[in-house]
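Asker: what shape does this take:
(one chain, ligands or ions: 1)
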Amino acid sequence: MSKYIFVTGGVVSSVGKGITVASIGTILKSRQISVTAQKLDPYLNVDPGTMSPYQHGEVFVTQDGAETDLDLGNYERFIDVNLTTESSVTSGQIYSQVIAKERRGDFLGGTIQVVPHVTTEIKDRFKLLAEKSKADVIIIEVGGTVGDIEGQPFLEAARQMRNEVGRDNILYVHVTLLPYLNSTKELKTKPTQHSVNELRRIGIQPDIIVCRSDYPISEEIRNKISLFCDVERKAVIPLTTVPTIYEVPLVLEEEGLGELITDKMKLKPQPPDLSQWQELVKLIKTPRQPVKIALVGKYVELQDAYFSVREALQHAILHHGRDLELVWVPSETLENNGDDSILRTVQGIIVPGGFGIRGIEGMVRAATYARENKIPYLGLCLGMHVMVIEFGRYALGSKDANSTEFNADTPHPVIDFLPDQKGQKIKGGTMRLGNYPCKLVDGSRAAKAYGQSLIEERHRHRYEFNNEYRERLEKAGMVYSGLSPDGRLVEVCEVADHPWMLACQFHPEFGSRPGHPHPLFRDFIGAAKDILREGAQPPLPLSSQY
Ligand code: GLN
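Answerer: The predicted model follows:
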């Protein structure tokens, strides 16, 4: 039977609960305990798919096509598992399921209430993941902050689980923030005490408190939290801010969290092996020569909107022993002859996914710059549409080539709905989502990168390459290096006369892992690192006599 760890958050949001969950997963997995994770999001949207990236950050897509919170990306990267739909639960899903059951008459004339109907539905989701994953431990992150109205049913369900599965099979971890007062130069514990009180009011006594802080946490503070919150002294775990999120599992391990959890839950662990993480962090902390990459996108003010892209770039950079100098270019600033001097300073350009017309012309300009100046370019989903629009304009000699997403009346719809997709109007749940197979063409850059000819990658899009333009663009030098197995959909394309200009219809960033960079990101950085920036000096070989 699986055991459950519930992770709640107190004091403020964005305190690092997701990374804590992911890191608990890492330290348990390093002891050969199998783990999986689940995120409970209290909002009423069914999934974050229709939410603006400004509201929510990146939408992470699982292999089986669920549109989820970006925390699931961190769980996958830290625990190195491929999660499924069952790992993402929202209030919207729960309520719509309960109401659908009511309409079907499943409740036999009863009055439908939050307790027990909604809480039972929530508990069923915990058990479903346990049953499907067969993991030793299910780590469940309760989104939001304790005290939020929306989160109450989730906390109540978490509380009820204790009686169902028994004390030894459940653990409550509370992550809080210790604010620092500059005037008195001290960390304050009162907000933590209040949030623990709030948890107790619901009937949950935390077993472990993880304290986030930007400043060192003294023994005195730990003792105080232990006393006031009624947690063992060793169960007050300090987590001060570290330079890289990949160091968090090491910090928690050092503070004894792994042993504490396995003891409390009576698990039977192997000795922990975190050597891979130690090496990774050591490498991150070693000074390395930078590679300067421009990320040209629409939502760059909120870097969380491209969370997995940034992580995938990091993994690739570390593989090459280099450092990432990432410049965030708002694509709108490149429009209408805006200043593009920043592009002249970079060694590679990446255009990530996105929706809607804003900033598209700026992205197209970046793609023109990359093609004409032979700067490595990686296009992801929308970034492929941009590359095809740009190449279409060049090949067809028409500045009107476009995607029908941005100009429904374009005379050259190089990107379009496929004939069988026409007429779709609803926004939620109409995308091509999740894993689809793709066959790579021998000898192409894509095939070389992957080292295999049949791949599967995660998708999240509506529009496709328009096959009516395949021949004309091919004549001008576009290579279709990845196609769906039936040959109908262009999945990867490349510019032939160029050191490395490649784009894909899927999202490779979701599959990249620390220590296992995604092949396309790896080769993109491999090409970019050899590009000399404007004004850069090639290193002069020093003669041995000096
Ligand atoms: N907006 C494009 C489409 O819907 C690309 C989507 C994306 O980049 N994820 O097809």
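Asker: is the helix or strand of the chain with the lowest mean pLDDT anywhere near the ligand?
Answerer: Least confident helix or strand, the chain: helix 53-56 with a mean of 80, by mean pLDDT, DSSP states H and E. No. Counting by C-beta under 6 Å from any ligand atom, the ligand is not contacted by helix 53-56; separation bottoms out at 10.6 Å. Where you see a C-beta, it was placed from the backbone N, CA and C, and this is true even at glycine.
Asker: state the number of residues packed around residue 467.
Answerer: Here the number of neighbours of residue 467 (other C-beta atoms under 10 Å) works out to 15.
Asker: actually, residue 202.
Answerer: Number of residues near residue 202 (other C-beta under 10 Å) recorded here: 15.
Asker: do residue 124 as well
Answerer: So residue 124, with other C-beta under 10 Å, has 14 neighbours.
Asker: which residue is nearest the centroid of this protein?
Answerer: In the chain, the centroid-proximal residue (C-alpha atoms, centre = their mean) is residue 73; its distance is 3.5 Å.
Asker: quick one: that residue is in a strand?
Answerer: No. In this structure, residue 73 is helix, not part of a strand, as judged by DSSP: H, G, I helix; E, B strand; the rest coil.
Asker: show the pLDDT at the closest residue to it other than its chain neighbours.
Answerer: Distance criterion C-beta to C-beta, 6 or more residues apart in numbering; nearest residue to residue 73, sequence neighbours excluded, is residue 60 at 4.3 Å. What the model reports for residue 60 is a pLDDT of 96.
Asker: try residue 546
Answerer: For residue 546, pLDDT reads 45.
Asker: kindly report the same for residue 362.
Answerer: Looking at residue 362, its pLDDT is 97.
Asker: that one: neighbouring residues, count only.
Answerer: Neighbours of residue 362 using other C-beta under 10 Å come to 23.
Asker: from what I see, it and residue 296 are in contact.
Answerer: Yes. Shown here, residue 362 and residue 296 form a contact pair, counting by C-beta atoms under 8 Å, at 6.9 Å.
Asker: now for these two: what residues contact both?
Answerer: Residues touching both residue 362 and residue 296 by C-beta atoms under 8 Å, 6 or more residues apart in numbering: 331, 334.
Asker: okay, buried residues for stretch 320-338 please.
Answerer: By 16 or more other C-beta atoms under 10 Å, the buried positions in stretch 320-338 come out as 320, 322, 323, 324, 326, 328, 329, 330, 331, 332, 334, 335.
Asker: please flag which of the residues you listed sit within strands.
Answerer: Of the positions in the buried residues of stretch 320-338, 323, 324, 326, 328, 329, 330 sit in strands, assigned by DSSP state E.
Asker: let's have the residues you listed in JSON lines, adding distance to the ligand.
Answerer: Converted to JSON lines, those look like this (distance: C-beta to the nearest ligand atom, whole Å):
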{"residue": "323", "distance to the ligand": "28"}
{"residue": "324", "distance to the ligand": "22"}
{"residue": "326", "distance to the ligand": "19"}
{"residue": "328", "distance to the ligand": "17"}
{"residue": "329", "distance to the ligand": "17"}
{"residue": "330", "distance to the ligand": "17"}
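Asker: so of these, which two are at opposite extremes in space?
Answerer: By the measure C-beta to C-beta, 323 and 330 form the most distant pair in these, at 23.4 Å.
Asker: okay, strands next: where are they in the stretch 101-250 of the chain?
Answerer: All strands of the stretch 101-250 of the chain, identified by DSSP state E, counting those that start in this stretch, fall at 137-142, 170-177, 180-181, 186-187, 208-213, 236-240.
Asker: can you redo the ones you listed as CSV with mean neighbour count, distance to residue 414 and mean pLDDT?
Answerer: Below are the strands of the stretch 101-250 of the chain laid out as CSV (neighbours: other C-beta atoms under 10 Å; distance: least, C-beta to C-beta, whole Å; pLDDT from 0 to 100):
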stretch, mean neighbour count, distance to residue 414, mean pLDDT
strand 137-142, 25, 42, 98
strand 170-177, 25, 48, 97
strand 180-181, 11, 54, 92
strand 186-187, 18, 57, 92
strand 208-213, 23, 48, 96
strand 236-240, 21, 50, 96
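Asker: any chance of the ones you listed in JSON lines with distance to residue 246 as columns?
Answerer: Formatted as JSON lines, the strands of the stretch 101-250 of the chain follow (distance: least, C-beta to C-beta, whole Å):
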{"stretch": "strand 137-142", "distance to residue 246": "18"}
{"stretch": "strand 170-177", "distance to residue 246": "18"}
{"stretch": "strand 180-181", "distance to residue 246": "25"}
{"stretch": "strand 186-187", "distance to residue 246": "25"}
{"stretch": "strand 208-213", "distance to residue 246": "17"}
{"stretch": "strand 236-240", "distance to residue 246": "14"}
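Asker: in CSV, list these along with distance to the ligand.
Answerer: What follows is those, written out as CSV (distance: least, C-beta to the nearest ligand atom, whole Å):
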stretch, distance to the ligand
strand 137-142, 25
strand 170-177, 31
strand 180-181, 40
strand 186-187, 42
strand 208-213, 32
strand 236-240, 34
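Asker: which residues touch the residue nearest to residue 328 when sequence neighbours are not counted?
Answerer: The shortest distance from residue 328 to any non-neighbouring residue, by C-beta to C-beta, 6+ apart, is to residue 300 (4.0 Å). Residue 300 sits next to 306, 328, 329, 330, 331 when contact means C-beta under 8 Å, 6+ apart.
Asker: if we use 7 Å, what do you get?
Answerer: Residues near residue 300 by C-beta atoms under 7 Å, 6 or more residues apart in numbering: 328, 329, 330.
Asker: bridging residues for the first one?
Answerer: In this structure, residue 328 has beta-bridge partners residue 295, where bridges are defined by DSSP bridges.
Asker: mind checking how far it is from residue 346?
Answerer: Going from residue 328 to residue 346 by C-beta to C-beta, to the nearest Å gives 11 Å.
Asker: please apply the same query to the second one.
Answerer: Using C-beta to C-beta, one gets 9 Å for the distance from residue 329 to residue 346.
Asker: quick check: neighbours shared by these two?
Answerer: residue 294.
Asker: low-confidence ranges in this protein?
Answerer: Scanning the chain with the threshold set as pLDDT under 70 gives 419-429, 534-546.
Asker: let's see that with 50 instead.
Answerer: Where the chain drops to pLDDT under 50, the residues are 545-546.
Asker: residues of it that sit close to the ligand?
Answerer: For the chain, the residues found near the ligand under the criterion C-beta under 6 Å from any ligand atom are 353, 354, 355, 381, 382, 405, 460, 461, 462, 463.
Asker: try it again at 5 Å.
Answerer: Listed as neighbours of the ligand in the chain under the rule C-beta under 5 Å from any ligand atom: 353, 355, 381, 382, 460, 461, 462, 463.
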